[in-house]
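Asks: what follows is a predicted structure for the sequence shown.
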Amino acid sequence: MKKLIIALLASVLMAAGFVGATGTAANAEQCDRYGVCIKPKPEIVKDKNVDQGERPKVNIVWGTQGDAVVKGKTRMIIKAVGGPVVSNKVKKIDKNGAVTIQGPKGLAPGRYKVTVKLIPNKNTPWKRVTRTYWITVS
């Protein structure tokens, strides 16, 4: 009788998702409710050299296969080499899967690391994507 009760309790806990079966790996990032993750491929048009007093700008089209459109937000982080974060902007992706983000005006001359991140909406199949590039302000 004890074995039957323990077996029933274990099956209820496993069905509810509270306990994993031995040998199964937990999925760290489940994109949609079915565990499907699709990694979009960004087409990035960026400024590599920016004159002092101008704003660095990046245009991104989050590409996918077929007619699917990525939904979510894009974050652009600009960090001075060996220094603090200068800009941290988030902008919503439009209905065509594109976004344009401008950095701050008046960056000091030097080299900056720009990181662009996709932040997908909840319950969508899009996987988080990060791209990094460098700009020079002269």
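Replies: Good, I have the coordinates.
Asks: what helix or strand is Gly82 located in?
Replies: Using DSSP states H and E, Gly82 sits in no helix or strand.
Asks: the lengthiest strand in the chain - which strands sit beside it in the sheet, and in what orientation?
Replies: Longest strand in the chain by number of residues (criterion: DSSP state E): strand 110-120. Strand pairing for strand 110-120, using DSSP bridges, gives strand 72-80 (antiparallel), strand 130-137 (antiparallel).
Asks: show me what the helix or strand of the chain with the lowest mean pLDDT is packed against.
Replies: Within the chain, confidence by mean pLDDT, DSSP states H and E is lowest for helix 2-16 among all helices and strands, at a mean of 79. Of the remaining helices and strands, none touches helix 2-16 by 3 or more CB pairs under 8 Å, 6 or more residues apart in numbering; DSSP states H and E. Bear in mind the C-beta positions are built from the backbone N, C-alpha and C, glycine included.
Asks: rewinding a little: and the longest strand of the chain, what's buried?
Replies: Residues of strand 110-120 classed as buried: Tyr112, Lys113, Val114, Val116, Leu118, Pro120 (neighbour count, 16 or more other CB atoms under 10 Å).
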